[in-house]
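**Student:** here is my input; please provide its structure:
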Amino acid sequence: ALNPAVAIIDYSARCLAFLFTGTTNLLASTAQNKEKTKQNKDSDKSMTTTQAMVGALQLSFFLGSALGALIIVFTQPLLRLMIGNTAGVSSEVLDAASRYVRIRALSMPAAAWIGSAQAACLGMRDVRSPLRIILAAAGVN
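**Tutor:** Below is the predicted model of the structure:
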């Protein structure tokens, strides 16, 4: 039952991919507008890079929290949907799969936030910071 439990989390996390694409595009266009404003010396009231990044991180944390809560609430129906006929599956296996899904669902806000932060760095043309963060996380792990 680990395979369906992993699939539930992976498929759910893919639902957040639009955040990362949107964050990259938003930060890239904001940075480009900032450069144009500097060249034209206009006092444009467009969104600053900091405002765009904070907004994207807040939205990703909120949506990650909501998705994690939905997964926790609907763990059993999702597992039944993925496994199919649960009559042949022992209750110990289903309980272990449920615990796995619920524990991983608690990390959805962090996963969404980290993905958006990485996308924001890429949108600001900063490729070294995400690399350092990933290397540090791998070392800690």
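**Student:** centroid residue for the chain?
**Tutor:** Among the residues of the chain, the one closest to the centroid is residue 112, at 2.0 Å (Cα atoms, centre = their mean).
**Student:** and for stretch 16-27, what's in contact with it?
**Tutor:** Outside stretch 16-27, the residues within contact range by Cβ atoms under 8 Å, 6 or more residues apart in numbering are 49, 52-53, 56, 59-60, 63-64, 67, 108, 111-112, 115-116, 118-120, 122-124. Bear in mind the C-beta positions are built from the backbone N, C-alpha and C, glycine included.
**Student:** skipping its backbone neighbours, what lies nearest the residue nearest to the centre of the chain in space?
**Tutor:** The shortest distance from residue 112 to any non-neighbouring residue, by Cβ to Cβ, 6 or more residues apart in numbering, is to residue 64 (2.9 Å).
**Student:** residues touching the one you found, list them.
**Tutor:** 16, 108-113.
**Student:** mind redoing it with 10 Å?
**Tutor:** Residue 64 makes contact with 12-13, 16, 19, 105, 107-116 under the criterion Cβ atoms under 10 Å, 6 or more residues apart in numbering.
**Student:** ok, residue 104 touching residue 7?
**Tutor:** No: if you go by Cβ atoms under 10 Å, residue 104 and residue 7 don't touch, sitting 11.4 Å apart.
**Student:** neighbour count winner among those two?
**Tutor:** Using other Cβ atoms under 10 Å as the criterion, residue 104 and residue 7 rank with residue 104 on top: 20 against 14.
**Student:** helices of the chain, residue ranges please.
**Tutor:** Using DSSP state H, the helices found in the chain span residues 2-14, 17-40, 49-73, 75-83, 91-105, 108-123, 128-140.
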